[in-house]
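Asker: sequence and computational prediction follow.
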Amino acid sequence: MQKTAFGLLSLLLFNISTVASADGINRSNEPIQPIPQTVQVDARKVDLGDRLFHDERLSGDNSISCAHCHALDQGGVDGTRHSFGVEGREGPINSPTVYNSGLNFVQFWDGRAATLEDQVEGPVHAGKEMDSNWQQVIKKLSADKRYPRDFKGIYKDGMTSENIKNAIAEFERSLNTPNSRFDRYLRGEDDAISDDEKTGYVLFKDYGCVACHQGANVGGNMYQTFGVMGDYFKDRGSVTKVDYGRYNVTGNEEERYLFKVPSLRMVTLTAPYFHDGSEEKLEDAIKVMAKYQLGRKIPDEDIGLMIQFLHTLAGEYNGRSLEPKR
Amino acid sequence: MKRFGFREALVILTLSGVLAGLYLQSRQTGSETLYHITGLIHEIIGVDTTIERDVLRLKTGALQHYDSVAQGSNLLDGSLDDLRPHVESIPEIKAQLLALENSIQMQHTALEIFKRNNALVRNSLRYFPVAITETLSDAPDLFALLPHIHNDLLQSMAVPENMTLEHLRGYVDELNQNGQPVLASHLNLIIQRFSLIEESIDNIIYSRIDENGEAVINAYENYHEKQLMRSEKYRLALVIYSAFLLIFIAVVMYRRQQAANSLKEANTELQYQKFALDEHAIVAVTDHMGNITYANQRFVDISGYSRDELIGQNHRLLKSGYHPKEFYQQMWDTISSGKTWHGEIRNKVKNGRFYWVDATIVPFLNANGKPYKYVAIRTDITARKETQEAQKKLTAAFYHAAEALIITDAQGAIEHVNPAFEKMTGYSEAEIQGKPTTILRSKKYDDAFFKNILETLERGEVWKGEVDLLCKDRSVKETLRSRAPVFNEDGDVVNHIIFMTDITEEKLLRSKVEHTQRLESLGVLAGGIAHDFNNILTSIMGNAKLAESKLTGGKRDSTPYLNRISIASERAADLCRQMLAYSGQGMIEVRPINFSKLVHEITSLLEVSVAENITIHYHLGKQLPAIKADTGQLQQVIMNLITNASESYHDERGEVWIDVGRMYVDREWLGTCALGDALKEGEYVYVEVKDSGSGMDGATVEKIFEPFFTTKFTGRGLGMSAMMGIVKAHHGAIHIYSEPGQGTMVRVAFPVVDQQAEPLVDDVPVAGEHPKALIMIVDDEVDILEYAESVLSDLGHDVITATSGEEALELFQQEKRKIDLVITDATMPGMSGDQLCQQLHSIDRDVKLILSSGYDVNDVAVEMQSELLSGFIQKPYSPEKFTHEVFKALS
């Protein structure tokens, strides 16, 4: 009785819908939302941004483009623990995927950029990334007759740093990956995912992963402290400045080790994991998450099911599915 | 005008600037901004409300993702970014804006705290019962504790005022002591972070975004209200100002329009004036240096230069060199001191010719009173100047002429005379002006003479002649005079000009020369006559001697000798007739005749007169008007011409053409004629005799009329001279055209008369029964007396003879018988024929009188009353002619 009572109460109070909806029922109130199928962008800017995104001249020694660290054919990342900038300099942090970055509520691991435009500033100037400046970039790009002409065609003031950033950001906003199998499932297509994958989703919710990894981007809309249920950084050791996370931005002690919750949309394609690229394998990353964030253990079988579920999250880009073959 | 415009423009510009300022002030309070701001804040409040709602839904689990609140939070930032530029510059709203920003920031922070803690707490709360269940299966000893802890947890959550979470803190230690660190840490997390959730929700809900938002709106509305009032003031000012400006502009425009209108009118007027000026005058404009800047068409035309050649040139280009340097200096002094110069200048045309202009040069003065340009307006007075020059010359000619000149009006009143006149007459111009020319008349002429002169002038013709002049001192001078009419444009005679040459001396000289010439001529003539007469007399004397010897020698027939004497006498008479004709005094009877008929009459005579080798062709015009002529003399003319023409063939075969016709004779033709100068133009009848014989050269033609000039071996050289005399007496003209080897054409023309032609032949019987009468014959030539006496005696008349007028008169008075007829010679020593006739007539009115003379009847009759005479006998006369005249007189 008592047990029943508290179960009921739990249901009443928290309305935890651990029970997956029956086939054909409304899934609009699921914690994960489908990525909008269209995004409002200016095709000309996207085109221009695409070229800029792939242009090495944005770097000081013309060796590095944006795509260098955010290869679109590699899930929008470079697949390395830390990224390498000009002259092979190794950066301090792992590159997050550029796919669906427009859905993030802030940019960078520590959220120091409110917009994608602001974000562009970072890598262009960072010594261990592109190590350049706008004056240099514009000078170099002006040598290419197409840029000034195309900028003039789109922007009244032609090629400026602001417009370069806007064009790149516009391109990045076009990098959403809608129509994943899971999104189709959310939209009522029950056969879009397998039963194991459905089970994986239920487990994903049950273990509480979904508390942070929710919304359309399955993350990317909040900060969370890394190491809630245990001291991750103490356990890992060799703490660097980037490990302080949002503290580096606000200086607020309460926000030390606070990081933007990353999107899991492309998670099966973007190893290694975490801001420090410390985990090569997804199951290991999930284990780290279970230990330090959830404060519980998850059986390997469940982890496997959840990974199956995670595979269904990668959608399409340019009409082509990005979901990796298994 | 210009300054006026600039000032007005400046004022309008300034006023417009103020207007623009006022407008900016008045539009700062545009209500769109208020609406925009209000809209933004309402959006902020709306988003805030949504966030609050979603936060509550998240807390209860009704919403399971943070997308909406994260987006809401970004929207708030975005709206705030939109709002900031509109209001951050307004001090009155600064506090409210700051409060809003703070509240949004606060909510932001609270929302982040809520999100992460809510995620954790929810996970722990959900895991807590699961963990209890798992724990109990491993450690049933905790069955009493764990559900209790769970129960308390639920209670403290459901009813926090009864049981705080702090109360549960003891369980954490207890769980740790019981070897349950996982449960302990989860419970600890819940205890620690649940309040953070509550707190953050409070902070979200009570962020006062709505209040602060409304406060911004209110503050802005207040500000707007104030601005509105201020702008209302400005707007009023703007309206007044605009009205003022409009009025001002209207006034300016009106004034401008007025000015423009009057300017336009003035301009049009000026254009007309310029046109009129350009039409009339030569206009040039120069700068202050005299360089030409404008030239009108007349200037271009008269100067001979093109406009391009004139523009830019100095005006001295036109200098003709006529005026002295001082003339130009004075002109420049005048105009450069700002005064108008006026004068007459002779300028040079491009090609070097000259023209005169009447020039006015007007300087245009600048503000300093200095000329900056000159306008020269000129009129071409070349014609006037030339006329003046010509008049000067004419006047000079008039006053310096050697001949005396008089100009009178049409009535003959003297207007001007020249010094030569003054010298000639002794009258000064002053004393004779206005007087009629009649005061210059000598008593010698009657009124008719002068009337004739005046009539000639009235006809528009020039009168020429010799007239005596009565000088001031009453002396008389002989003058050669011409008096010509002067016409005005209508053809009326307005003046006479009289030209007088003193020929008193000349006449004297001329008469001496004439006398000498006459003597010379007489010598030639006498030589010629003497030669011919000697030949005739030799024949007569010789034959007379032969006849005498025959008669005395035994009654042998002397008839052949007497015949020869008779023939020689005829030749002598012919010779005399020719000479009389040459002297122009041979004409006896003139009457209107038809020339064609005359020629026709004598065709048979002509045929026998010419050699057989000559053919004569006649062309005698019909319906010819009459001419006044002596038939015998004209016959003689024709005979002469035919003879000359036929002889030009020198016994060879040839043709002669005679043409009689009418022609209109003009001055030009008369100019080619002998005797033509004195004749008038008009209708003439002519005879033309043409041959194609030997012709004559120019030298021969010149001498053709000289007496005794002949080219014929047997000629006497009197034919053409006689013809000349005859034609002159008939007022005719002779035209000769001849070329050596080609032939000769002679045309003789006589003026027609407006009379009917008379028949050619006298119908008076030549002979008949003469009544017996007593006739007296008077002649100083005894031969003539004897000849006449024998003729009259043969007719049965009684004859008394007298050798002088005195003797005749004495015999007439002594004679008891009635004398029926007296035939007297005209020229006798002592009493002349006409004197005798008058005397006899006064004695016996019935006595018939016949005058006989070697001269022309007309000449003789001039001096006597021809009405006394019954007839006239031209000497020498044949018995037939003589008896015919006597018969006429007696019957």
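Answerer: Perfect, I can see it now. Residues are numbered from 1 along each chain as shown, chains lettered A, B, ... in the order given.
Asker: residues in contact with the most centrally placed residue in chain A?
Answerer: Of all residues in chain A, the one closest to the mean position by C-alpha atoms, centre = their mean is residue A:263, 3.9 Å from it. Residue A:263 sits next to A:96, A:97, A:100, A:103, A:104, A:213, A:217, A:218, A:219, A:220 when contact means C-beta atoms under 8 Å, 6 or more residues apart in numbering or on different chains. Using the backbone N, CA and C atoms, a C-beta is placed for each residue, glycine as well.
Asker: how deep is the closest residue to chain B within the stretch 51-200 of chain A tucked in, by neighbour count?
Answerer: With C-beta to the nearest C-beta, the shortest gap between the stretch 51-200 of chain A and chain B falls at residue A:105, namely 4.0 Å. A count of nearby residues for residue A:105, using other C-beta atoms under 10 Å in any protein chain shown, gives 23.
Asker: what's the local residue count around the closest residue to it other than its chain neighbours?
Answerer: Spatial nearest neighbour of residue A:105, chain neighbours left out: residue B:70 (4.0 Å); criterion: C-beta to C-beta, 6 or more residues apart in numbering or on different chains. Using other C-beta under 10 Å, residue B:70 is surrounded by 24 other residues.
Asker: can you give me how far the helix or strand hosting residue B:70 is from the chain middle?
Answerer: Using DSSP states H and E, the element containing residue B:70 is helix B:67-87. Chain-centre distance of helix B:67-87: 97 Å, with C-alpha atoms, centre = their mean, to the nearest Å.
Asker: neighbours of residue B:98, how many?
Answerer: Residues near residue B:98, counting by other C-beta under 10 Å: 13.
Asker: how about residue B:415?
Answerer: Residue B:415: 14 neighbours (other C-beta under 10 Å).
Asker: likewise for residue B:601?
Answerer: 16.
Asker: re the thing from before, what packs against the helix holding residue B:70?
Answerer: helix B:31-60, helix B:91-138, helix B:209-280 (3 or more C-beta pairs under 8 Å, 6 or more residues apart in numbering or on different chains; DSSP states H and E).
Asker: let me have those in CSV, extended by mean pLDDT and distance to chain A.
Answerer: Formatted as CSV, these follow (pLDDT from 0 to 100; distance: least, C-beta to the nearest C-beta, whole Å):
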stretch, mean pLDDT, distance to chain A
helix B:31-60, 89, 7
helix B:91-138, 90, 4
helix B:209-280, 84, 19
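Asker: most tightly packed of the ones you listed?
Answerer: Most buried of those, by mean neighbour count (mean count of other C-beta atoms under 10 Å in any protein chain shown): helix B:91-138, with a mean of 20.
Asker: tell me where the model's unsure across the stretch 1-150 of chain A.
Answerer: Within the stretch 1-150 of chain A, the ranges that satisfy pLDDT under 70 run A:1-25.
Asker: what's the following helix or strand after the worst-scoring helix or strand of chain B on mean pLDDT?
Answerer: Taking mean pLDDT, DSSP states H and E as the measure, chain B has helix B:857-862 as its least confident helix or strand, at a mean of 50. Following helix B:857-862 in sequence order, the next helix or strand is strand B:871-874 (DSSP H and E).
Asker: in its sheet, what does that next one sit against?
Answerer: Strand B:871-874 has these partner strands in its sheet, going by DSSP bridges: strand B:848-853 (parallel).
Asker: so for the helix holding residue B:70, mean pLDDT?
Answerer: Averaged over helix B:67-87, pLDDT sits at 90.
Asker: residues making contact with it?
Answerer: Against helix B:67-87 from outside (C-beta under 8 Å, 6+ apart): A:33, A:105, A:114, A:214-216, A:221-222, B:33, B:36-37, B:40-41, B:43-44, B:47-48, B:50-51, B:54-55, B:58, B:93, B:97, B:100-101, B:104, B:107-108, B:111, B:115, B:209, B:216, B:220.
Asker: now do stretch B:269-289
Answerer: Counting by C-beta under 8 Å, 6+ apart, B:292-299, B:302, B:310, B:314-315, B:336, B:357, B:370-380 sit against stretch B:269-289.
Asker: Three-state assignment for the spatially most distant residue from the centre of chain B, please.
Answerer: Relative to the C-alpha centroid of chain B, counting by C-alpha atoms, centre = their mean, residue B:141 is the outermost residue, at 150.9 Å. What DSSP: H, G, I helix; E, B strand; the rest coil gives for residue B:141 is helix.
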